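Student: coords below, sequence missing:
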């Protein structure tokens, strides 16, 4: 290969980006995650095909309760050459844990229940009978049947109220793009899981000539035995600095950024990790989730 061309390619953004992304995927595979580089999804808002740099999955099953948990990491990589990232320390917050994001076909969501109701009614089955009985199964004693399977995210080294590139003073630029892209992929995957669950339910009802309420209920129970968990991450080659309320700066390997919401909606969160610290971060994250599910008597699959 022409040395000049080779040097030109190696100094380009595409080369650095691909090296970073494939390196992250390799680290996760070494930790026994099923990692995919450059996976695609449909953007929920714009209905366009988009790409997430790395997505990785690990799964557990609870044999006694016949419950399955799939955990997915959504990772966006941003080089941010010659930049530094300032993470403003979160203050005035007592709660120091975040539940992972999840999608569950048994959830009490009005739109989801309306879709289920329409599928059942289309086969001439009494919807009230099925859904009332399903609610008793999905929410025994008024709580989700999967509540014990919902983990907190790994404890953060520290939590930040905002992340900024050192040369910017607003939520814009590559870092902010990476955060939005990770959430977009997570929301797209969640939507696709719900659509797939509904399609499978419709197909199973259509597989028999005259399905009854018991058959429909059993199919819903099968669907509600699986829960999808999501953990969003942005990895950057830019050094990270913890900014204290007194204006002091300390280098850090990673931090959890919380985005407070205007109004009553819960805050969202995402982990921002320095590329050189990702190996350690991923190892601790993997061990955290493995311990959690082991304590719940779940087995890796």
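Tutor: Arrived safely. The model shown is predicted, which means the values in this text are computed figures rather than measured ones.

Student: quick one, what contacts the residue nearest the centre of the chain?
Tutor: Centroid-nearest residue in the chain, with C-alpha atoms, centre = their mean: residue 230, separated by 2.1 Å. Contact partners of residue 230, counting by C-beta atoms under 8 Å, 6 or more residues apart in numbering, are 71-72, 74, 100-103, 186, 189-190. Yep, even glycine has a C-beta here, placed from its N, CA and C like the rest.

Student: Considering those residues, which is situated nearest to residue 61?
Tutor: Proximity of the contacts of residue 230 to residue 61 (C-beta to C-beta) peaks at residue 71, which lies at 12.4 Å.

Student: Can you tell me, leaving aside adjacent residues, what's nearest to the closest one?
Tutor: residue 229 (4.4 Å; C-beta to C-beta, 6 or more residues apart in numbering).

Student: and if you look at residue 121?
Tutor: Nearest non-adjacent residue to residue 121, counting by C-beta to C-beta, 6+ apart: residue 127, 5.3 Å away.

Student: Kindly list the longest strand within the protein.
Tutor: strand 49-62 (DSSP state E).

Student: how about that one: buried residues?
Tutor: Of the residues in strand 49-62, 52-56, 58-62 count as buried by neighbour count, 16 or more other C-beta atoms under 10 Å.

Student: what helices or strands is it leaning on?
Tutor: Contacts defined by 3 or more C-beta pairs under 8 Å, 6 or more residues apart in numbering; DSSP states H and E place strand 49-62 against helix 13-30, strand 34-42, strand 67-78, helix 174-206, helix 278-295, strand 299-300.

Student: Would you mark the buried spots in whatever helix or strand comes next after the fourth one?
Tutor: Tracing the chain past helix 174-206, the next element assigned as helix or strand by DSSP states H and E is helix 213-223. Using 16+ other C-beta under 10 Å as the test for burial, helix 213-223 gives 213, 215-217, 219-221, 223.

Student: Can I get the helices and strands packed on strand 49-62 in JSON lines including mean pLDDT?
Tutor: What follows is those, written out as JSON lines (pLDDT from 0 to 100):
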{"stretch": "helix 13-30", "mean pLDDT": "89"}
{"stretch": "strand 34-42", "mean pLDDT": "95"}
{"stretch": "strand 67-78", "mean pLDDT": "96"}
{"stretch": "helix 174-206", "mean pLDDT": "94"}
{"stretch": "helix 278-295", "mean pLDDT": "97"}
{"stretch": "strand 299-300", "mean pLDDT": "96"}
